[in-house]
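Q: sequence below, structure please.
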Amino acid sequence: MRPASAQVRLRATADRYGRDVGPLRPEGLLVGLSPSQVAAVTCENEALCIVAGAGSGKTTVLTRRVAWRARTGSADPEHILVVTFTRKAAAELWSRLTRLGLGPGPWAGTFHGAAYRQLRRHWADTGVPAPTLLGDPSRLVRQATESVLGPGYGDLHRAVNTELSWARARMIVPEHYPEQAARWGRAPGLDSGAAAEIMVEYERTKRRRGVLDLDDLIVQCAEMIEQGGLSANALRWRIRHLFIDEFQDVNPAQWRLIQAWRGDRHDLCVVGDQRQTIYAWNGADPSLLGRLPELVPAMAVLHLDENHRSSSRIVAAAGAVLDDPVEDRPRPSAQSPEGVEPSIIGFEDERDEAAAVARWLRSSHRPGRPWNQMAVLARTNARLQPVADALRVAGIPFRMASRQRTSQVMAGAIRVLRAMDRRLPARSALLDAVDEAMACAPSRGPTDMMVANDVLIALEGLVDEHAMDEPGPTIGGFVAWLNANPGALEDDAGANDAVELATFHRAKGLEWEAVAVVGLEDGTVPLSYARTAAAKDEERRLLYVAMTRAGRELMCSWARSDGADKDGREASPLLTPVRVVVASTTSTPDPEGAVRRISDMRTRLLAAG
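A: As a prediction, the model looks like this:
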């Protein structure tokens with residue numbers, strides 16, 4: 001029976017957070033779910049691993065499981081921690097939990113945000129001054145690089161920073177880095193011994209200046225809990241029910257923190273998919289998800305392999321990219337109708353490809369399908385630029401985060417906030433910061449007022465998020481919170497009806513009705529430096545993730561030339577099995593030949609306009 005206090009809290013929360021929550025009976029949470037989703041939501045095991053494929057409704061299942069356990073009394077909402085990887089994903093989890101009637105009980109956030117929140121409390125309880133948190137360590141890494149290699153080598157700091165982050169994620173100390181870099185096929189662009197020396201110098205510089213970076217938050221929080229004491233005991237008392245989203249992207253350092261959080265309890269629910277592991281290059285350990293039953297006693301494993309997002313043809317085409325099925329796991333299956341046949345088209349150069357994509361988007365734009373239900377995805381940002389140019393000429397609205405006016409003004413406003421008196425109330429300083437950023441940014445005419453308003457609204461939303469932890473935030477506290485939540489500024493402040501242009505990595509977790517996947521040339525997909533078997537497998541998974549972002553229409557394309565000096569490019573070898581699957585869904589006597597003829601015909605027609 002649910003404790004009376006929990007029942008009272010749930011009813012009060014439902015009254016406060018809206019009337020669309022539905023009945024407080026747990027059975028209301030199962031409406032609209034498939035049998036496998038119901039099994040995952042209602043599983044009696046506290047230790048549960050949900051292997052959720054693309055489009056399987058993992059966020060719905062995760063949030064409803066949290067609510068199910070709260071409503072049935074097997075978990076107290078005030079002792080629930082839900083962790084994911086980006087602020088945007090955390091905000092979505094929080095929003096869904098709120099709509100389900102849980103409100104302020106559970107805490108949903110990122111690994112870095114949760115660790116920083118807990119360390120701040122520990123520092124305050126022990127009277128230790130909170131160290132300065134680096135939002136961007138580039139300057140210190142550059143200084144350490146030049147200190148070891150000499151002046152003129154500072155431009156290597158980006159490669160060094162990548163290796164620093166990878167080593168910290170894998171819990172590799174500098175003296176072991178050369179050996180481990182060779183083992184894992186790392187190619188940092190400089191001698192691995194020199195990279196290790198730079199790592200030592202960087203750590204020395206941080207200690208001398210009394211600053212921490214984001215990687216330090218994970219390690220120090222785990223160490224704080226492992227050492228015991230009042231803070232650790234209070235924290236483990238506070239966190240009794242742990243839920244982890246996107247578990248396939250967890251790295252060894254984060255797993256150490258998860259282990260510290262749960263202690264000797266087995267109350268752990270994770271959601272993930274080995275087929276969507278795309279961050280191994282950055283330190284993620286894709287083997288953790290498969291090894292969980294060995295690592296956590298009595299761990300139950302359930303599978304969600306039905307794709308409720310994409311049509312059956314798209315699911316079949318994307319599934320063909322995967323080399324071999326995951327052991328003891330079937331291919332993904334579609335629950336949606338057959339849909340439109342995916343197209344695979346080659347073009348003479350990138351400009352022709354981009355113009356064809358613009359025409360395809362316009363033909364796919366129809367009543368009931370706004371521009372923001374369409375996207376263009378590429379392996380790299382550089383391959384998106386020709387598409388952006390073509391959409392601009394065609395008058396099709398598009399959004400590409402790195403080139404948005406709102407993003408520029410947002411960054412300028414943040415720079416102003418960082419320079420302000422750290423004691424100022426955050427909300428009262430926002431308008432001044434936006435005004436100054438607008439004054440310094442290149443003028444774009446009458447849209448300036450709209451841009452300023454969009455940025456102000458976005459910043460106020462961020463302040464509200466910070467205020468959940470710390471009422472009445474100051475500039476100092478707000479800036480520190482931004483540093484601990486690196487994805488806080490990634491969202492487009494002026495979200496509107498526009499086609500999304502994004503890389504495969506940025507598209508993770510998103511979905512659209514119609515998606516064009518461009519730049520599928522050999523050497524780009526997979527990247528030419530993906531030489532090891534593990535790297536090639538990750539490239540396959542990355543293309544699989546990109547293709548499964550599409551719900552109803554999918555276009556895959558490549559170009560024989562970049563229009564300048566790179567000619568004779570070939571289609572990605574990953575498209576070969578996709579062609580076979582697409583051809584098998586047609587009713588022509590010669591499916592492969594028909595696909596080639598149709599592709600050639602489309603190319604000629606599109607080129608002719």
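Q: I'd guessed Gly319 sits against Pro332; true?
A: Yes: at 5.5 Å, Gly319 counts as touching Pro332 under the criterion of C-beta atoms under 8 Å. Quick note: C-beta positions are derived from backbone N, CA and C, even for glycine.
Q: just give the nearest non-adjacent residue to Val357, would you?
A: Ala516 (5.0 Å; C-beta to C-beta, 6 or more residues apart in numbering).
Q: the one you found: what's it in contact with?
A: Residues in contact with Ala516 (C-beta atoms under 8 Å, 6 or more residues apart in numbering) are Val357, Trp360, Leu361, Met374, Ala375, Val376, Leu377, Leu554, Met555, Cys556, Ser557.
Q: what's the closest of the residues you listed to Trp281?
A: Taking C-beta to C-beta as the measure, Trp281 lies nearest Leu377 of these, at 18.2 Å.
Q: quick one, phi psi at the closest one?
A: Dihedral angles of Leu377 (phi, psi; degrees, to the nearest 10) stand at phi -120, psi 140.
Q: partners of the residue nearest to Val357 in the sheet?
A: Partner residues in beta bridges with Ala516, using DSSP bridges, are Val376, Met555.
Q: for the stretch 351-500 of the chain, what spans make up the strands?
A: 374-378, 398-399, 499-503 (DSSP state E, counting those that start in this stretch).
Q: mean pLDDT for these: which is lowest?
A: Mean pLDDT across the strands of the stretch 351-500 of the chain is lowest at strand 398-399; the value there is a mean of 88.
Q: residues contacting that strand, please?
A: Trp371, Val376, Ala388, Leu391, Arg392, Asp492, Ala495, Asn496, Ala498, Val499, Glu500, Leu501.
Q: that one pairs with which strands, parallel or anti?
A: Counting by DSSP bridges, strand 398-399 is paired with strand 499-503 (parallel).
Q: kindly export the strand it pairs with (C-alpha atoms) in CSV.
A: Provided in CSV are the C-alpha atoms of strand 499-503 (Å, rounded to 0.1, in the frame of the first residue of the first chain):
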residue,chain,number,x,y,z
VAL,A,499,14.0,22.6,-41.7
GLU,A,500,16.7,21.3,-39.3
LEU,A,501,20.2,20.9,-40.6
ALA,A,502,22.3,18.8,-38.2
THR,A,503,25.1,16.3,-38.0
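Q: got the angle between that strand and strand 374-378?
A: 20 degrees (axes from the mean of the first three to the mean of the last three C-alpha atoms, to 10 degrees).
Q: show me this structure divided up by domain.
A: 4-118+218-304, 136-212, 312-402+495-608, 405-484 (automatic domain parsing).
Q: looking at the ones you listed, which is closest to Ala130?
A: So among those, domain 405-484 is nearest, using C-beta to C-beta, at 7.6 Å.
Q: about what we covered before: report the buried members of the contacts of strand 398-399.
A: Trp371, Val376, Ala388, Leu391, Asp492, Ala498, Val499, Glu500, Leu501 (16 or more other C-beta atoms under 10 Å).
Q: quick one on the thing from earlier: out of the contacts of strand 398-399, which two are the most distant from each other?
A: Spatially, the most separated pair among the contacts of strand 398-399 is Arg392 and Ala495, at 19.0 Å (C-beta to C-beta).
Q: remind me which residues of the stretch 351-500 of the chain are low pLDDT?
A: Counting by pLDDT under 70, the low-confidence segments of the stretch 351-500 of the chain come to 401-407, 439, 441-454, 457, 464-465, 467-471, 486-495.
Q: what about 50?
A: Scanning the stretch 351-500 of the chain for pLDDT under 50 picks out 402-403, 445-446, 492-494.
Q: just put the domains of the chain in TSV and tack on distance to Ala130.
A: Output for the domains of the chain, formatted as TSV (distance: least, C-beta to C-beta, whole Å):
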stretch	distance to Ala130
domain 4-118+218-304	10
domain 136-212	9
domain 312-402+495-608	31
domain 405-484	8
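Q: which parts of the helix or strand where Leu235 lies are buried?
A: Leu235 belongs to helix 230-238 when elements are defined using DSSP states H and E. Of the residues in helix 230-238, Ser231, Ala232, Leu235, Arg236 count as buried by neighbour count, 16+ other C-beta under 10 Å.
Q: next SSE after the helix or strand containing Gly551?
A: Assessed by DSSP H and E, Gly551 sits inside strand 550-559. Next along the chain after strand 550-559, taking DSSP H and E as the criterion, comes helix 575-584.
Q: C-alpha coordinates for that next one, PDB please?
A: Written as PDB, here are the backbone C-alpha positions of helix 575-584 (Å, rounded to 0.1, in the frame of the first residue of the first chain):
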ATOM      1  CA  LEU A 575      24.700   1.800 -49.000                       C
ATOM      2  CA  THR A 576      25.200  -1.600 -50.800                       C
ATOM      3  CA  PRO A 577      23.000  -3.700 -48.400                       C
ATOM      4  CA  VAL A 578      20.500  -0.800 -48.200                       C
ATOM      5  CA  ARG A 579      20.000  -0.900 -52.000                       C
ATOM      6  CA  VAL A 580      19.400  -4.700 -51.900                       C
ATOM      7  CA  VAL A 581      16.700  -4.300 -49.200                       C
ATOM      8  CA  VAL A 582      15.000  -1.300 -50.900                       C
ATOM      9  CA  ALA A 583      15.000  -3.300 -54.200                       C
ATOM     10  CA  SER A 584      13.500  -6.300 -52.400                       C
END
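Q: who does that helix touch, helix- and strand-wise?
A: Judged by 3 or more C-beta pairs under 8 Å, 6 or more residues apart in numbering; DSSP states H and E, the packing partners of helix 575-584 are helix 312-319, strand 343-347, strand 550-559, helix 591-608.
Q: mind listing what's buried in that helix?
A: Leu575, Val578, Arg579, Val581, Val582, Ala583.
Q: and the average pLDDT for it is what?
A: Helix 575-584 comes out at a mean pLDDT of 91.
Q: where's the residue nearest to Val357 relative to Thr110, distance?
A: Distance, Ala516 to Thr110, using C-beta to C-beta, to the nearest Å: 30 Å.
Q: what's the answer for Leu48, then?
A: Leu48 is 22 Å from Thr110, by C-beta to C-beta.
Q: with Leu235 instead?
A: Applying C-beta to C-beta to Leu235 and Thr110 gives a distance of 17 Å.
Q: for Cys269, what are phi and psi?
A: Per degrees, to the nearest 10, the backbone of Cys269 is at phi -120, psi 130.
Q: same thing with Gly127?
A: Dihedral pair for Gly127: phi 70, psi 20, per degrees, to the nearest 10.
Q: and it, how many neighbours does it have?
A: 6 (other C-beta atoms under 10 Å).
Q: swap in Gly150?
A: 9.
Q: next, it: phi, psi?
A: phi 100, psi 160.
Q: now do it, the pLDDT please.
A: Per-residue pLDDT puts Gly150 at 90.
Q: can you tell me how far it is from Leu156?
A: 11 Å.
Q: would you agree Met341 is in contact with Ala583?
A: Wrong residue type there; residue 341 is Glu, not Met. No: with contacts defined as C-beta under 8 Å, Glu341 does not count as touching Ala583, sitting 9.7 Å away.
Q: what is the rounded mean pLDDT of stretch 79-98?
A: The model assigns stretch 79-98 a mean pLDDT of 88.
Q: now the end-to-end length of that stretch.
A: The separation between the terminal residues of stretch 79-98, taken as C-alpha to C-alpha, to the nearest Å, is 15 Å.
Q: ok, stretch 359-368 next?
A: End-to-end distance (C-alpha to C-alpha), stretch 359-368: 18 Å.
Q: tell me the buried residues in that stretch?
A: Neighbour counts over stretch 359-368 (16+ other C-beta under 10 Å) mark Trp360, Leu361, Ser364 as buried.
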